[in-house]
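Colleague: Generate a structure from the sequence data that follows.
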Amino acid sequence: MKIKKIFVSLMTLLLCGCSMSSVKERNSSNMKNHSSSIKSEHDNIKVVYFSCTKNTQKIAVKMANDLECSIDEIIPYVPYTNEDLDYLDDTSRANLEQNDNNARPAIQNTIDFNDIDTLFLGYPIWWGKLPKIIYTFLETYNFDSDTIIPFCTSGGSGISNSVSEIRQLEPNAIVLNGQRFASNASDSMVKSFIDSLNL
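Modeller: The predicted structure follows:
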């Protein structure tokens, strides 16, 4: 009986181990889905973007394809809902964050910047400014001496105020003037902007 009990215990442990290993592999696989890499010709360049409505994401993907560089998304720890983004509601999450100088929404994922010296940083314009999650991002990573190239999507607001904010947050980086895109910007518009940089 003792031998049988030992055998059953060992089998249970083995099965649990396999099950846990399988869960770890699934979790690891899910984490990898948070960032995608395109076959990189420019190992020193990365495109990073924040996008709730996928408008900025579309531009970011076009850029990464043109640049043949890696791309990562800034993923909020708590995703934004449509109600959170209702600018007509003074109590919406985005309104409250934008009106709070200390708001720093948490980011779910980490991003690898090894050997990167040029960052294309994409975001929507919220109320004429950077979304506060970009503050969180720029305060999390060190971009001293690196080049930051901002790009944004917006229905009407320009990019200049957000560029000033980035320069304040990253005083030791080289921050270019960047480019505002409409959400339906064509591939040729994105390519024209990249070509103008003479990277």
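
Colleague: and the residue nearest to the spatial centre of the chain, what pLDDT?
Modeller: By Cα atoms, centre = their mean, the chain has its centre lying nearest to I74, at 2.1 Å. We have a pLDDT of 98 for I74.

Colleague: Contacts only, for it.
Modeller: V48, Y49, F50, I107, N109, I111, I133, I134, F137 (Cβ atoms under 8 Å, 6 or more residues apart in numbering). (C-beta placed from N, C-alpha, C; glycine too.)

Colleague: Tell me the one among these nearest to S188.
Modeller: Y49 (19.9 Å; Cβ to Cβ).

Colleague: who does that closest one bridge with?
Modeller: According to DSSP bridges, the residues that bridge with Y49 are E73, G122.

Colleague: ok, it - how many residues close by?
Modeller: Other residues lying near Y49 total 24 when counted by other Cβ atoms under 10 Å.

Colleague: Looks to me like R104 is in a helix.
Modeller: No. Using DSSP: H, G, I helix; E, B strand; the rest coil, the secondary structure at R104 is coil, not a helix.

Colleague: what residues are up against it?
Modeller: Contacts of R104 (Cβ under 8 Å, 6+ apart): K132, I133, Y135, T136, E139.

Colleague: Report the separation between the fourth one and D66.
Modeller: For T136, the distance to D66 equals 28 Å [Cβ to Cβ, to the nearest Å].

Colleague: So if I had to pick from those two, which one is more boxed in?
Modeller: T136 (18 against 15).

Colleague: just to revisit the earlier point, ok, now which ones touch the residue nearest to the residue nearest to the centre of the chain when sequence neighbours are not counted?
Modeller: Distance criterion Cβ to Cβ, 6 or more residues apart in numbering; nearest residue to I74, sequence neighbours excluded, is F50 at 4.1 Å. Counting by Cβ under 8 Å, 6+ apart, F50 touches T56, E73, I74, P76, G122, Y123, P124, P131, I133, I134, F137.

Colleague: quick one: secondary structure of D84?
Modeller: coil.

Colleague: Count the neighbours of the nearest residue to it once chain neighbours are set aside for me.
Modeller: Spatially, and ignoring its direct neighbours in sequence, D84 is nearest to R93 (3.8 Å; Cβ to Cβ, 6+ apart). R93 is flanked by 17 other residues according to other Cβ under 10 Å.

Colleague: Touching, R93 and P79? I think so.
Modeller: No. Applying Cβ atoms under 8 Å as the test, R93 and P79 come out as separate, 10.5 Å apart.

Colleague: that older thread, please determine how far the residue nearest to I74 is located from D72.
Modeller: According to Cβ to Cβ, F50 and D72 sit 10 Å apart.

Colleague: And I134, by the same measure?
Modeller: 14 Å.

Colleague: now swap in T110 and tell me
Modeller: Distance of T110 to D72, given as Cβ to Cβ: 9 Å.
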